[in-house]
Structures are given as structure tokens and as C-alpha cells.
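>>> here are the coordinates; sequence isn't available:
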């Protein structure tokens, strides 16, 4: 790190043990990204709640060239956060994931999908108007007859290769395709 770690406490007694724990975890962050220029850690205990007790808020700000990464674990999270060491651990674990992701992006290791998701129909219920697709990423995707484009739902059969667009928000029955289109063949067949 180019600048020393900065630690700030609010409504929390800054014990040597906690300061040392934070310093160790901050130093360890450099193993996940070697371009860290600064790290600021804010530890705050909000007012006491009669139901859950003190739930600590831990915010970590890390700067790397071109980016500022921020992780905040606060009182709205799990009740385990009433233990300061757990709140610190969870916040640093989340920051490690952020740094790993940033390092992959910088090294160009981010996965790029070539075109729409593909799969093959594993179940079709013509009379009920729905079916299921096993996608090339091995997810089982539900689709409704209204999602079929460039063709007719009645023309589809089990085993047909398709490409699809999966809705960002999962429905109550799991992932659902917003559009399904029959194609010629699959580059990767999940059924083999």
C-alpha cells in the first residue's frame, strides 16, 4: 500500500486487539490485488436495539488505479454482526471478492458471452403451453408459449436446440426465458 491504512471508530472502543485485527486483514488484501494505493476502514456501532443488540457497521474503502471499491456491512445485515470481529471478517471477505473481480477485469479474464444463451428443450407440455430448457450453463430454464419468437410453440419438440434470453429477475419457479428461438445446432451440448 502506498499510504498507511486509516482506521476510524465511532461509538466503539478502539482496542489494540481490534486495531491489530483490522491491520492484519488490510495487509492481507494486497495478496488479492497488488495495486492498492490506500485503505480506509470505518467501524461504527449504532444505537442499542432492544431486539438485536448492537449491530456493528463496517465500511471499507480501497483505492486501486482508476477505481475506488467500497464495501459496507451494516446494521440491516445479519444478527451475527453484533459481534465486532464477525462484522470485520465479513466486510474484509466481501472486499477480497471485490479485489479479485477487479484484478480479473484488469487482466482481461472476464468471461465474455458470445451471443445469446443456448440450450435444448428437455420437456415440452403442448397442452399446458410451457416447457423447460437445459441451458449450456447447465441451468434448467422455464419458458412459456408466449416467449417463442420466429416460429410457433406447437412446432417445438423435445431435443430441439434453442437460443434464449433469460429474464434478469427469477420468477417463483426459477429462471425463466423471455424469448426462445429454435436454432440449427448447439456449439456445446449440455446433454452429452
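Ah, there it is. Every value quoted in this text rests on a predicted model; they were computed, and no experiment measured them. Residues are numbered from 1 along each chain as shown.
>>> Identify the residue nearest the geometric centre of the protein.
residue 97 (9.3 Å; Cα atoms, centre = their mean).
>>> and that one, that's in a strand?
No: Residue 97 is assigned helix when assessed by DSSP: H, G, I helix; E, B strand; the rest coil, not a strand.
>>> list the contacts for it?
Contact analysis of residue 97 by Cβ atoms under 8 Å, 6 or more residues apart in numbering lists nothing. Backbone N, C-alpha and C define where each C-beta goes, glycine included.
>>> how about residue 144, what does it touch?
Counted by Cβ under 8 Å, 6+ apart, residue 144 has contacts 129-130, 176.
>>> quick one: it from residue 129, how far?
Going from residue 144 to residue 129 by Cβ to Cβ, to the nearest Å gives 6 Å.
>>> measure stretch 136-152 end to end?
From its first residue to its last, stretch 136-152 covers 23 Å (Cα to Cα, to the nearest Å).
>>> and what of stretch 71-83?
18 Å.
>>> averaged over its residues, what pLDDT does it have?
The average pLDDT for stretch 71-83 rounds to 60.
>>> Next: stretch 18-37.
Rounded mean pLDDT across stretch 18-37 is 90.
>>> cool, and stretch 160-168?
Stretch 160-168 comes out at a mean pLDDT of 87.
>>> roughly how far out does that stretch sit from the chain middle?
21 Å (Cα atoms, centre = their mean, to the nearest Å).
>>> hang on, the earlier thing: whichever of the contacts of residue 144 end up buried, select them in PyMOL.
Here is the PyMOL command that picks out the buried ones among the contacts of residue 144, judged by 16 or more other Cβ atoms under 10 Å:
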select buried, resi 130+176
